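Participant: What shape does this take:
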Amino acid sequence: MAQQAPLLRADELNVSFGGLRVLQAVSLEVDEGEVLGVIGPNGAGKTTLFNTICGFVRPDSGALSFDGRRLLPRPHRLTRLGIARTLQGLGLFPNLSALDNVVAGATHRSRTGPVGALLASPWAERHELRLRDQAMDMLEQLGIADAAHRPCASLPYGIRKRAALARALISEPRLLLLDEPAVGLSATEITELADIVRGLRQRTTVMLVEHHMEFVMNLCDRLVVLDFGEVIATGTPAQVREDPAVQRAYLGEAVAADA
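Facilitator: As a prediction, this is how the structure comes out:
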């Protein structure tokens, strides 16, 4: 029986900024339905890797493929390709409600267009109402429906993070990229977030960058470890925890002692 091809593949990615090599021959695979974590110390190249996948950074060499096809990403076309990303800075419109922010994440699914909007056709109105209903369902699934009509600027940080996640999910991505999803959250919120991400396996593949080690160790199916722009380890959390190179580079004695 043939092995299923990975959903996302990176082959020998090299990225330099002003002569400084930030990614060095980075190769990895993300399988459909898994939660893959990318970890490493500050400056290891994690965010650059995400930015390269999203098209914000062009690699000097190497290739990306998505669903078996060459991926030449452009940031404004990511959702049409089936890729969505949350940002460290959330990127929400502060004066819009949580609901309107989520609806904004489904713009590629809106077929109204400028002509339809001007004419306000019944079909266009029905379509937009369906999007709002779906956005409200997403907020309910993430437990923040009570905040749907409040401006995002007035919401606690943890709720805003869930609104940003809902906005990414409304585009129905095949691959969801989460950029430090646990940062700034309380211990209770991190536990709740882990449960939410586990539940996403039925609808999407997740790739995340995160510094919170307990979070990634308990959540991810596999981990990729970067150090100085190079992949130094790939494997299950248990395998990575025991890898001496990882312990030296990032995890340290505290993680080894937890084993």
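
Participant: switch to C-alpha atoms for all contacts and neighbour counts from now on
Facilitator: Noted.

Participant: who touches L8 in this structure?
Facilitator: With contacts defined as Cα atoms under 8 Å, 6 or more residues apart in numbering, the neighbours of L8 are E29, V30, D31, L64, S65, F66, D67, G68.

Participant: which residue packs closest to the third one, ignoring adjacent ones?
Facilitator: Sequence neighbours aside, P6 is the residue nearest to D31 in space, at 4.5 Å (criterion: Cα to Cα, 6 or more residues apart in numbering).

Participant: Secondary structure of the one you found: a helix, I assume?
Facilitator: No - the assignment for P6 by DSSP: H, G, I helix; E, B strand; the rest coil gives coil, which leaves it out of any helix.

Participant: State the distance from it to L96.
Facilitator: As judged by Cα to Cα, to the nearest Å, P6 and L96 stand 38 Å apart.

Participant: repeat for Q4
Facilitator: Q4 sits 42 Å away from L96, taking Cα to Cα as the criterion.

Participant: more crowded one of those two?
Facilitator: Comparing Q4 with L96 by other Cα atoms under 10 Å, the one with more neighbours is L96, at 16 against 8.

Participant: gap between that one and H211?
Facilitator: As defined by Cα to Cα, L96 lies at a distance of 30 Å from H211.

Participant: what do you get for L139?
Facilitator: Applying Cα to Cα to L139 and H211 gives a distance of 26 Å.

Participant: just F17 next, same as before
Facilitator: Separation of F17 from H211 (Cα to Cα): 23 Å.

Participant: Between these two, tell me which one has more neighbours.
Facilitator: The residue with more neighbours, out of F17 and H211 and counting by other Cα under 10 Å, is H211; that gives 17 against 10.

Participant: Surely that one and G43 touch.
Facilitator: No - taking Cα atoms under 8 Å as the contact criterion, H211 and G43 are not neighbours in contact, 12.0 Å apart.

Participant: Okay, and the beta partners of V224?
Facilitator: When bridges are called by DSSP bridges, V224 pairs up with V38, T234.

Participant: Look up how far E210 lies from it.
Facilitator: Counting by Cα to Cα, the gap from V224 to E210 is 11 Å.

Participant: any residues in contact with both of those two?
Facilitator: Among the neighbours of V224, those also in contact with E210 (Cα under 8 Å, 6+ apart) are G37, V38, I39.

Participant: Can you give me the distance of the first one to N218?
Facilitator: Here G37 is placed at a distance of 11 Å from N218 (Cα to Cα).

Participant: ok, these two, which is more surrounded?
Facilitator: In this comparison of G37 against N218, neighbours counted by other Cα under 10 Å, the higher total goes to G37 at 27 against 12.

Participant: Please tell me I have it right and the more buried one contacts R222.
Facilitator: Yes - the pair formed by G37 and R222 meets the contact definition of Cα under 8 Å, at 6.4 Å.

Participant: That's all I had, so thanks and see you.
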